[in-house]
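*Asks:* Got a predicted model here, sequence first, then my questions.
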Amino acid sequence: MANDTHPPKRPARRGFLKAGGAAVAAGASLSATSVAHAALGKPQAHTDDPYLAVEPFFGEHQGGIVTPQQAHIYVAALDLTTTKRDDVIALLRTWTDAAARMTQGLPAGALPGADGKAAPDSGDVLGLGAAGLTVTFGFGPGLFTSDGKDRYGIASKRPAALVDLPRFNGDQLLPEKTGGDLFIQACANDAQVAFHAVRQLARQSYGIATMRWGQAGFVSGPRGQTPRNLMGFKDGTNNPSTKKPELMNQFVWANGADAPWMQGGSYGVVRRIRITLEHWDMTEEDFQEQVFGRHKYSGAPIGKKNEFDPLDLDAQDKDGNPVIPENSHVRLSNQATNNGAQILRRSYSYNDSSNFYIERWPPWRQETEYDTGLIFIAYQGDPRTGFIPINEKLSKFDMMNQFTTHVGSAVFACPPGAKPGSYIGAGLFET
């Protein structure tokens, strides 16, 4: 993990203003070629200052999928309002250029069609650095068809893997937190840098698309360690190793023959999962461990000592009962019980203050509670063999369901990385 819970030393005010002014000047004078050259560079992993980390934008795959997880995220979905195919292509070109600039710590650039009076950037992150920013784009089903109509002449190119997600047991999806034609995921080592990226891209889409939903999130923990979610358990221990290309090719990167433009891309499923922390906090630790199937502090499977010890799903206690409960989260989500299927989790916690809430499980409380939970993000080569069958089982049998409710949902085709001089998703529109 590339997280950092210790804020780095900030520059003095004079240095901040000087750096900010220099950034604007540099951003205004750099050519697209020089930006593309910088965006092709190797990641700069400044271990002493995460604000100076730089991730490349251009490449075989989009950043933000197998990139070591940054501390903050802002995800958003937009709905297209234009009827013109050329508008969509122009927006993707603008977004590609802006994302390449911002990942290098530069201003987003001038607004399309602006008369020169509009500011090239909101300026709220001047002096902060790139902060390891990655920007990931995705296409929802609505880009291809809407109300049964081929919107932009690309309906025939919709991948079979980009399926409409089924309704799962217990879903209580909110329309304002569900769906979307276009997807933006911005991850960074600073919350403002992540939000700034989405803010600039949304600003550039005025007249072409409108924001449908947005969500901020975070992870906490020492670098190189699996982060903990708000329930206090480590989240992502069983991920396939991003350091093993063969596993990424098997489980994460798309290779469907029906959509050659998606080769090297991935399918992202986003679920907003509300967690009733008040209910969870009143349960005993032993029961919490039974729910997860892991020890809370070490992260080890029940009956083991270390986080990455292999699961022993056949182990029994002295009474002949499974050591890891049959309806525990780790058993039901494990590849051994899902025909070998795996997904790459890239989840973040969220905390949206509090509001009135009604539990759907006993004790059926109605009160003001935390609006907190998990932004569950899963990347895979095909949701039909990844997220859908796994979640179908979890939604019916997982003990965790008494504490969680899925209130938002979306699925996106995230194309391969863009090449310098081209734009994200070019293969969809130009082949």
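*Replies:* Nice, thanks for sending it over. Numbering: from 1, shown residues only.
*Asks:* Next up, phi/psi of the residue nearest the centre of the chain, please.
*Replies:* Centroid-nearest residue in the chain, with CA atoms, centre = their mean: residue 377, separated by 4.9 Å. The phi/psi pair for residue 377 (degrees, to the nearest 10) reads phi -130, psi 130.
*Asks:* pretty sure it contacts residue 215?
*Replies:* No - the pair residue 377 / residue 215 is not scored as a contact, 10.3 Å apart, by CB atoms under 8 Å. C-betas here are computed from N, CA, C, even on glycine.
*Asks:* where do the contact lists of those two overlap?
*Replies:* Counting by CB atoms under 8 Å, 6 or more residues apart in numbering, the contacts common to residue 377 and residue 215 are residue 75.
*Asks:* where's the spatially closest residue to residue 156 that is not a sequence neighbour relative to residue 174, distance?
*Replies:* Once flanking residues are discounted, residue 156 sits nearest to residue 150: 7.8 Å by CB to CB, 6 or more residues apart in numbering. Using CB to CB, to the nearest Å, one gets 29 Å for the distance from residue 150 to residue 174.
*Asks:* circling back: bridging residues for the residue nearest to residue 156?
*Replies:* Here residue 150 sits in beta bridges with residue 145, as judged by DSSP bridges.
*Asks:* what's the neighbour count on it?
*Replies:* 12 (other CB atoms under 10 Å).
*Asks:* Likewise for the one 3 residues further on?
*Replies:* Residues lying near residue 153 (other CB under 10 Å) number 10.
*Asks:* Can you name the residues that contact it?
*Replies:* When contacts are counted by CB under 8 Å, 6+ apart, residue 153 touches residue 85.
*Asks:* Can you read off the pLDDT for it?
*Replies:* What the model reports as pLDDT for residue 153 is 96.
*Asks:* Residue 429 versus that one, what's the distance?
*Replies:* In this view, residue 153 and residue 429 are 9 Å apart by CB to CB.
*Asks:* Give me the distance between residue 186 and residue 344.
*Replies:* Taking CB to CB as the criterion, residue 186 is separated from residue 344 by 18 Å.
*Asks:* between those two, who's got more neighbours?
*Replies:* Set side by side, residue 186 and residue 344 give different neighbour counts by other CB under 10 Å, the larger being at residue 186 (28 against 23).
*Asks:* ok, what's across the strand from that one?
*Replies:* According to DSSP bridges, the partner residues bridging residue 186 are residue 74, residue 135.
*Asks:* Surely it touches residue 131?
*Replies:* No - proximity of residue 186 to residue 131 does not meet the contact threshold set by CB under 8 Å, at 10.5 Å.
*Asks:* what touches both of those two?
*Replies:* Residues touching both residue 186 and residue 131 by CB under 8 Å, 6+ apart: residue 193.
*Asks:* how long is stretch 160-173 end to end?
*Replies:* When the termini of stretch 160-173 are compared using CA to CA, to the nearest Å, they are 24 Å apart.
*Asks:* Tell me where the stretch 1-150 of the chain has helices.
*Replies:* Taking DSSP state H, counting those that start in this stretch as the test, the helices found in the stretch 1-150 of the chain are 13-29, 32-39, 85-102.
*Asks:* hey, least reliable of those helices by pLDDT?
*Replies:* Least confident of the helices of the stretch 1-150 of the chain, judged by mean pLDDT, is helix 13-29 with a mean of 41.
*Asks:* Can you get me a residue count around the nearest residue to residue 361 once chain neighbours are set aside?
*Replies:* Closest residue in space to residue 361, ignoring its immediate chain neighbours: residue 402 at 4.6 Å, by CB to CB, 6+ apart. Here the neighbour count serves as a burial measure; for residue 402 (other CB under 10 Å) it reads 17.
*Asks:* repeat for the one 10 residues further on
*Replies:* When neighbours are counted by other CB under 10 Å, residue 412 registers 27.
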